[in-house]
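**Student:** model this:
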Amino acid sequence: MTTNESIGDKFISHRMLSSFDINDELLQKLNTKGFTLKSEIQAVSDDTLRLMCNLSDEQLNTINELIRKSHKTIINHLTVSHIRKLSGNRIHTSLPSLDIALGGGLEVSKVTQICGEGGVGKTQICMQLCITVQIPEQFGGLSSHALYIDTENNLRPERLQSMAAFCLESYPELKQRYCAESMVSNVHLFSCNTNSRDLFELIMSRIEHFLDHHQEVRLVIIDSIANLFRYDYKGNEFQREYEISQMGHKIKSIAHRKRVAFLISNQVTYIPVEGKDTPALGKLWQTYCSTSFLIKRYGEYRKTYTLKSVNIETDRHFFFQITKNGIKEVLPDEVVDAIINNNKL
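**Tutor:** Coordinates of the predicted model:
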């Protein structure tokens, strides 16, 4: 497979089903059950798709044939430059290596996941993006607001304000338009720390309604997605998987239809057989995330691994540090010098 084909495969997997030549009746059946992207169909078996959408064998074969035909046609004409032109607006993260892994920053219409153990810095990245999304495009933002869904009482207004103040010091020309207090007020908060049912209802019913009435919001953060779902469904894994699947479908659908970027923090689960941490909530949940990163702690530094990205190979890593002003990338040499002989790298 050539490089263009490899990139094209990944890109087309995130195509909206409405862009394929599927008739309205079939498309309505798929959309009603939350299937809006090709990758979402690929994540389930034919039998599951038939059962969920009440499809006949003929309808199922028609869908598969149309997708394969369109896939082959587009691959023959797709180039890297075309893919870049089709990318939406992006939000810079303040970490250049992370921006590169994201193809230029956090992308509108996509779902990005950052995962790691508690206290590793996920919330710091989330809060940093709440500030940078507000600045003009020429400085790496979208001149927009953020919606923050907090399930762990992690959001700290005073921390947001210190990040905003440093941002304004870094770009003095912005002071005519912004102040730190106004930037904090542009972060809309939904607190949901009670149970998984409340979070499920929030995602399925309230987010889209809120965005309809607040079109200035272009970034939605869920911090974190796993906290409530890891403990509320003991003994009922089928119901848990079903609701996680429904949430994933809904989040991706909202991201594409409303042209907002989703940034979701997730916890990790240790897999003894593999000897490593993996994102919580299982493999099905991971299919709803376009890009995923794993953060690990090394003393005062954080090492971020790329788990899933269409822009760079997986397992690429970089370092950052949490400072009083926000998050800051550091060079590997700085980290090695600081913790030499510690055998942590």
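
**Student:** how about Lys308, what does it touch?
**Tutor:** Lys308 sits next to Gln286, Cys289, Ser290, Thr291, Ser292, Thr314 when contact means Cβ atoms under 8 Å, 6 or more residues apart in numbering. Placement of C-beta: from N, CA and C, glycine included.

**Student:** and which of those is nearest Met204?
**Tutor:** Taking Cβ to Cβ as the measure, Met204 lies nearest Cys289 of these, at 18.1 Å.

**Student:** does the closest one sit in a helix, a strand or a coil?
**Tutor:** What DSSP: H, G, I helix; E, B strand; the rest coil gives for Cys289 is coil.

**Student:** can you give me phi and psi for it?
**Tutor:** Dihedral angles of Cys289 (phi, psi; degrees, to the nearest 10) stand at phi -100, psi 120.

**Student:** Tell me where the stretch 151-300 of the chain is predicted with low confidence.
**Tutor:** Low-confidence segments of the stretch 151-300 of the chain, defined by pLDDT under 70: 231-235.

**Student:** which parts of stretch 48-63 are buried?
**Tutor:** For stretch 48-63, burial by neighbour count (16 or more other Cβ atoms under 10 Å) applies to Leu49, Arg50, Met52, Cys53, Leu55, Gln59, Leu60, Ile63.

**Student:** whoops, I mixed them up, stretch 143-151
**Tutor:** Within stretch 143-151, the residues that qualify as buried are Ser144, His145, Ala146, Leu147, Tyr148, Ile149, Asp150, Thr151, counting by 16+ other Cβ under 10 Å.

**Student:** hey, what's the fourth one bridged with?
**Tutor:** According to DSSP bridges, His188, Val220 are recorded as the beta-bridge partners of Leu147.

**Student:** My guess is it contacts Ile221. True?
**Tutor:** Yes. If you go by Cβ atoms under 8 Å, Leu147 and Ile221 touch, sitting 7.0 Å apart.

**Student:** out of the contacts of Lys308, which are buried?
**Tutor:** Gln286, Cys289, Ser290, Thr291, Ser292.

**Student:** show me the contacts for the closest residue to the first one other than its chain neighbours.
**Tutor:** This points to Gln286. Closest residue to Gln286 apart from its sequence neighbours, by Cβ to Cβ, 6 or more residues apart in numbering: Pro279 at 6.0 Å. Listed by Cβ under 8 Å, 6+ apart, the contact set of Pro279 reads Gln113, Cys115, Asn266, Gln267, Val268, Thr269, Trp285, Gln286, Ser292, Leu294, Leu307.

**Student:** Let me have those in CSV, adding distance to Asn31 and secondary structure as columns.
**Tutor:** Below are the contacts of Pro279 laid out as CSV (distance: Cβ to Cβ, whole Å; DSSP: H, G, I helix; E, B strand; the rest coil):
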residue, distance to Asn31, secondary structure
Gln113, 24, strand
Cys115, 29, strand
Asn266, 26, strand
Gln267, 31, coil
Val268, 33, strand
Thr269, 32, strand
Trp285, 21, helix
Gln286, 22, helix
Ser292, 25, strand
Leu294, 32, strand
Leu307, 29, strand
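
**Student:** Could you give me the ChimeraX syntax to select whichever of those residues are buried?
**Tutor:** Buried residues among the contacts of Pro279 (16+ other Cβ under 10 Å), as a ChimeraX selection:
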select :113,115,266,267,268,285,286,292,294,307
